[in-house]
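# sharing a model that was predicted from the sequence below.
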Amino acid sequence: MKRTVSLLLCLLLLCPFLFSCSTKLVGDGAIFEAYVASETFCFDPAFASTDDNTAQYLSLIYEGLTKIDANGKLVYALLDHYKSSRDIIRGEYKLTLYLKQTKWSDAASVTADDFLFAWKRLLSSDFSSPAASLLYDIKNAKDAKEGNCSIDAVGIASVDTYTLEVTFPYEINVEAFLRTCASIQLSPLRENVISRNPDTWASRYSTLSVNGPFSVKAMDYKAHTVTLQRNNYYYRNTDEELNKNVEPYKIVINFAKTSDTSAGKDMTSEDLQAQLDRFNSGEILYIGDLPVSVRSEYLAKGTLSDTLSTMSVMVNCKSEILSDKEVRQALSLAVDRQALASAIVFADPATGLVNSLVNDKNAKTSFRKVGGDLLSYSADTAKSKIASAGASGKTLTLTYKLTDEFSAVAGFLKEAWEQLGIKVELKPVMAESHDVKKDDVEYTYYTDTLEQAYLAGDYDLLLCDFGMISTEPFGVLAQFALGYTGNSCDAEKDWEVTPHVCGYQSESYDQLIASIHAETDYAKRVEMLHDAEKALLDDMPIIPLLFNKNFYMISSELKNEKVNYFGFTRLEKVYYKNYTEETDE
């Protein structure tokens, strides 16, 4: 008996070592192939507002102060804790934000200065991004954006390496501000990295330094491949296991291509059917999109979730035809959104611009549910408006990214709008290559043609994923008002503020947004934002179509994937059950 007890005690003492050996990482870790999303060409978070595919990748390589989980709960990311204080004499309100310690993918520490640079970059009068208005509650932020004060006067300061201090001219809703900080556009950035390559840093993996769970490696658009590789410094000390916070070592993405003649000319687009075949054969273990033609068949086999974006058509209000709001209204009225959603499958018909995941007065209520349905369908009324506006027989061009889904939507819109008596030309785009030689090094980088057209206003109608940029409604709607667009000022016109890139200008809408921004009572502010959405959709500089949804299928070989509130799939904890790595032993 004593011998049996002794043996049992020995086994118990050995158990921790036995179990730790069974889960100990061998080599670098799991490698698997996946189709995460369509190709993206710019990894600058400041521009993650017109393409859900780009936003999906950015969510895997950057991380801000906070996150919002699938249930809508605020979760601290880089933020460890905060303190608030009030300066009664100055009437100011201050948040002191204390950061956790982590590192960039090149082993440099993520510091408060990185937030300071990224946020001041958004607020600089010579930089354009719609995310700027997310920070306009901060002291002097709007004045700096309009060139009325120095960027150094903005109420953001790094107190020490891991402490950021933010000053507001009035007491704010802290919960709402911290939820806004979950926006990927407010992620920290490296000043020394961007300053060395200001035009190309976000388009080449060799110049990317990121702080999220993955980094971008082996980006080869000629071979149509991108590899996401574990960021070994993501909340990890050097003496800890490599897979402490990020399980996969590499996720290899191959963008299968095929010839596409849907718009009347021969182009190359991604072959989703080939990706589906690869998934069904076990060649890839994750697929983040499907051909529109088979979506209904596979709907029950995957995971479908809401996203924080509304597929929309941006309207160039400077166009001679589209400057008439009657024409813009007609284009909206002509769209049967329910039929479109049924055809696309992975979407709901839009009932407004602000979608259902954006908060109302608090995180427990939906802005869309409170605001109700603001869109209608009437082909007859639309046709009458086109005729009365004298637009019959006119030609409009619809620009869109060449993907299976956008092509299907573009075809649907062309048919609906041509029934009104106007001609619609389809213009699919992808990317433009640039050959560069710098410091005796030759390289090629790519720019997103759709994003460039959007920023330049070079379109009649532009189909895009209009990202909400925040769970709070102000930034979504404010960007259409003069002084809140986030655009750079016009240096040739004495730093004059510029309108939204679509050319929309409305004095009454500008005044409404200004009064909303001046309102310090958050609940009252949100009530006024409902009036703003109604006014905007009466003018219709943007035509909401669908509330986007995220769909994916994952192999039984993988487990532990998650979906966050923005609708992006989280892959850092994915475990490859039967993965084995060859060793020399």
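All right, it came through fine.
# for stretch 167-178, which positions count as buried?
167, 168, 169, 172, 173, 176, 177, 178 (16 or more other Cβ atoms under 10 Å). (C-beta placed from N, C-alpha, C; glycine too.)
# which residues are contacting that stretch?
65-66, 74, 79, 82, 84, 86, 91-95, 137-139, 155-157, 359, 362-363, 472, 520, 522 (Cβ atoms under 8 Å, 6 or more residues apart in numbering).
# follow-up on the earlier one: quick one: which of the buried residues of stretch 167-178 sit in strands?
Using DSSP state E, the subset of the buried residues of stretch 167-178 located in strands is 167, 168.
# can you give me the helices in the stretch 251-400 of the chain?
Per DSSP state H, counting those that start in this stretch, the stretch 251-400 of the chain carries helices over the ranges 272-280, 295-298, 325-333, 337-344, 367-371, 379-388.
# in the shortest one, what counts as buried?
This points to helix 295-298. Neighbour-count burial for helix 295-298 [16+ other Cβ under 10 Å]: 295, 298.
# could you export it as PDB, CA atoms only?
Output of helix 295-298 as PDB, limited to C-alpha atoms (Å, rounded to 0.1, in the frame of the first residue of the first chain):
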ATOM      1  CA  ARG A 295     -24.500  32.100 -50.800                       C
ATOM      2  CA  SER A 296     -28.000  30.800 -50.100                       C
ATOM      3  CA  GLU A 297     -26.800  27.200 -50.500                       C
ATOM      4  CA  TYR A 298     -24.100  27.700 -47.900                       C
END
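# and it, average pLDDT?
On average, the pLDDT along helix 295-298 is 98.
# ranges for the helices of the stretch 451-585 of the chain?
Counting by DSSP H, counting those that start in this stretch, the helices of the stretch 451-585 of the chain are 473-478, 507-518, 522-539.
# what's the first helix or strand after the lowest-mean-pLDDT helix or strand in the chain?
The weakest-scoring helix or strand in the chain, judged by mean pLDDT, DSSP states H and E, is helix 2-23 (a mean of 39). Next helix or strand after helix 2-23 toward the C-terminus (DSSP states H and E): strand 31-33.
# pairing partners for that following strand, with directions?
strand 250-254 (parallel) (DSSP bridges).
# hmm, back to that, give me the buried entries from the contacts of stretch 167-178.
65-66, 74, 79, 82, 92-95, 137-139, 155-156, 359, 363, 472, 522.
# and which of the buried residues of stretch 167-178 is nearest to residue 465?
residue 176 (23.9 Å; Cβ to Cβ).
# let me have the helices of the stretch 451-585 of the chain in TSV, extended by mean pLDDT.
Shown next, in TSV, are these (pLDDT from 0 to 100):
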stretch	mean pLDDT
helix 473-478	97
helix 507-518	98
helix 522-539	98
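# which strands and helices sit next to the helix or strand containing residue 194?
Element membership for residue 194 (DSSP H and E) is helix 191-196. If contacts are counted by 3 or more Cβ pairs under 8 Å, 6 or more residues apart in numbering; DSSP states H and E, helix 191-196 sits against helix 112-123.
# tell me the first helix or strand C-terminal of the helix it packs on.
helix 141-145.
# related to what we said a few turns ago, quick one: closest of the helices of the stretch 251-400 of the chain to residue 56.
helix 272-280 (15.0 Å).
# for the closest one, buried residues please.
Going by 16+ other Cβ under 10 Å, helix 272-280 has these buried residues: 272, 274, 275, 276, 278, 279.
# surely the fifth one and residue 256 touch.
So the one you mean is residue 278. Yes - with contact defined as Cβ atoms under 8 Å, residue 278 counts as touching residue 256 (7.4 Å).
# what's in contact with the host helix or strand of residue 94?
Element membership of residue 94, judged by DSSP H and E, is strand 92-99. With contact meaning Cβ under 8 Å, 6+ apart, strand 92-99 is reached by 65, 78-87, 110-112, 139, 155, 159, 162-172, 174, 177.
# direction included, what does that strand pair up with?
Assessed with DSSP bridges, strand 92-99 is paired to strand 79-87 (antiparallel), strand 163-168 (antiparallel).
# name the nearest residue to residue 351, ignoring sequence neighbours.
Spatial nearest neighbour of residue 351, excluding adjacent residues (Cβ to Cβ, 6 or more residues apart in numbering): residue 373 at 4.2 Å.
# equivalent analysis for residue 248, please.
Nearest one to residue 248, counting by Cβ to Cβ, 6+ apart, is residue 30 at 5.1 Å.
# for the one you found, which residues are in contact?
247, 248, 249, 575, 576, 579, 581.
# looking at those, state which has the most neighbours.
residue 248 (25 neighbours; other Cβ atoms under 10 Å).
# surely that residue touches residue 574?
Yes - under the criterion of Cβ under 8 Å, residue 248 is in contact with residue 574, at a separation of 5.7 Å.
# still on that earlier bit, closest to residue 423 among the buried residues of stretch 167-178?
Looking across the buried residues of stretch 167-178 and measuring by Cβ to Cβ, the closest to residue 423 is residue 176, at 45.7 Å.
# how close does the closest one get to residue 168?
12 Å (Cβ to Cβ, to the nearest Å).
# what ranges of the stretch 251-400 of the chain fall below the confidence cut-off?
Low-confidence segments of the stretch 251-400 of the chain (pLDDT under 70): 262-266.
# how much space between the residue found closest to residue 142 once you drop the neighbours it is linked to in the chain and residue 95?
Nearest non-adjacent residue to residue 142, counting by Cβ to Cβ, 6+ apart: residue 136, 4.8 Å away. Separation of residue 136 from residue 95 (Cβ to Cβ): 15 Å.
# one more: residue 128?
From residue 128 over to residue 95 (counting by Cβ to Cβ), the distance is 27 Å.
# near residue 487, how many other residues are there?
Going by other Cβ under 10 Å, the residues that sit close to residue 487 add up to 22.
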